[in-house]
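Participant: Show me the folded form of this:
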Amino acid sequence: MDTVDSSLAFSQQVALLEKKRAVLLGLLRLTETLQQLRVALSSVLQLSGAAGAAPSDSDLRAFEVIRQRVADLSSAELRQAIEQLDGKVRDSLAQISTMALQLVDDARASLSDLELIHPRVNGFNRFARTNIAMRVLLEQRGESLPALQFELPREAIAQRLARVEEKEQGICRALVAHIQDMRGDLALMLGNPHCAESQTQFYQVLDQALAANLAHIEAGLSLSELPMPIESIEVEGGGSVEHADSPVAEPVGTAEAETAASASPLPDVAPDPLPAPGLLGRLRRWLSSPVDVRWRDLQPPADPAKRRDGE
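Facilitator: Residues are numbered from 1 along each chain as shown. A predicted model of the protein is given here:
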């Protein structure tokens, strides 16, 4: 009876870990979106000529890349391009500002909502940062343009930026706590007598991947460059499971985050799930690679059967 109970408990542990992975993906997406909104509003302040809105070191590196790409443009071409970008930034600011307030006031957006918001914010950032880089290049040539004027007062933009930064910090703390909680669950699973040897290897590598992501986040690095993308993390031997409509949890604790994901349908959990050899091999290759190699840089090995078919 104890053996049956223990086996059932292990299956429940696997199911719980999958639920927490779904919540982790939501927290990650929300944090990424808030980060992009922060960059967007900071760029707007720079374009408006706000005092103290100097670009960060990462901004300067990005601007330098853009500057090199447009360095061959004449000053007249630069002014024309800036004028067009001014219109795009000005026209999109109201929408970006609304998105920022929505996420700050109610962070329980679904992943599908965030997937719609994210590319819009990225597009806005591309326009705004390119605009700034071109203006810097024009200034280096001894020319200058007046600051960009927005309908939204500069003080209101600064207030929205402050609220986004505060929410981002809170969600990021929840993200760190959630990964730590998942690693605690993995430790329990690895100590379960029903965890087979093949599963032990899989969950050990998974724990190392989470640890690498945790160190990356705690170092304040970009979430878009995680060593191991959360979408690639599998809890079972089957494929990764996307919970596109599961709500994103507020940063009030892991228990609440688990509750937020409970409405999502869970996959059937086999009593003795086996890891996918391809994924495990790829994880091992990634963990043994140099520190500057990211997960997405590793190509999955070709299927021998498919390779023979193509011959």
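Participant: So for stretch 86-100, mean pLDDT?
Facilitator: Taken as a whole, stretch 86-100 has a mean pLDDT of 88.
Participant: which residues touch that stretch?
Facilitator: 37, 40-41, 44, 47, 117, 120-121, 123-124, 127-128, 131, 148, 150-152, 156-157, 160, 163-164 (CB atoms under 8 Å, 6 or more residues apart in numbering). Bear in mind the C-beta positions are built from the backbone N, C-alpha and C, glycine included.
Participant: where does the stretch 101-250 of the chain have low pLDDT?
Facilitator: 107-109, 231-250 (pLDDT under 70).
Participant: before we move on, back to that, just the buried subset of the contacts of stretch 86-100, please.
Facilitator: Buried residues within these, counting neighbours by 16 or more other CB atoms under 10 Å: 37, 40-41, 44, 47, 117, 120-121, 124, 127-128, 131, 148, 150, 157, 160, 163-164.
Participant: Among the residues you listed, which are located in helices?
Facilitator: Among those, the members found in helices (DSSP state H) are 37, 40-41, 44, 47, 117, 120-121, 124, 127-128, 131, 157, 160, 163-164.
Participant: what's the closest of these to Ile230?
Facilitator: Ile117 (17.8 Å; CB to CB).
Participant: you'd agree that closest one is up against Leu34?
Facilitator: No: Ile117 is beyond contact range of Leu34, at 10.2 Å (criterion: CB atoms under 8 Å).
Participant: shared neighbours, these two?
Facilitator: With CB under 8 Å, 6+ apart as the test, Ile117 and Leu34 both reach Leu103.
Participant: just the helices in the stretch 51-200 of the chain please.
Facilitator: 57-70, 75-105, 111-140, 154-190, 197-218 (DSSP state H, counting those that start in this stretch).
Participant: what does the first one rub up against?
Facilitator: Contacts to helix 57-70, defined as CB under 8 Å, 6+ apart, come from residues 39, 42, 55, 78, 81, 129-130, 132-134, 136-137, 222.
Participant: rewinding a little: mind putting the helices of the stretch 51-200 of the chain in CSV, distance to Arg29 included?
Facilitator: Shown next, in CSV, are the helices of the stretch 51-200 of the chain (distance: least, CB to CB, whole Å):
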stretch, distance to Arg29
helix 57-70, 21
helix 75-105, 11
helix 111-140, 4
helix 154-190, 10
helix 197-218, 14
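Participant: quick one, which of these is nearest to Leu27?
Facilitator: Of these, nearest to Leu27 by CB to CB is helix 154-190, at 4.7 Å.
Participant: Going by neighbour count, which residues in the closest one are buried?
Facilitator: 154, 157-158, 160-161, 163-165, 167-168, 170-172, 174-176, 178-179, 181-182, 185-186, 189.
Participant: per-residue pLDDT, the nearest residue to Ala128 once chain neighbours are set aside?
Facilitator: Nearest-residue entry for Ala128: Ser43, 3.7 Å, with adjacent residues in sequence omitted and distances by CB to CB, 6 or more residues apart in numbering. The pLDDT attached to Ser43 in the predicted structure is 88.
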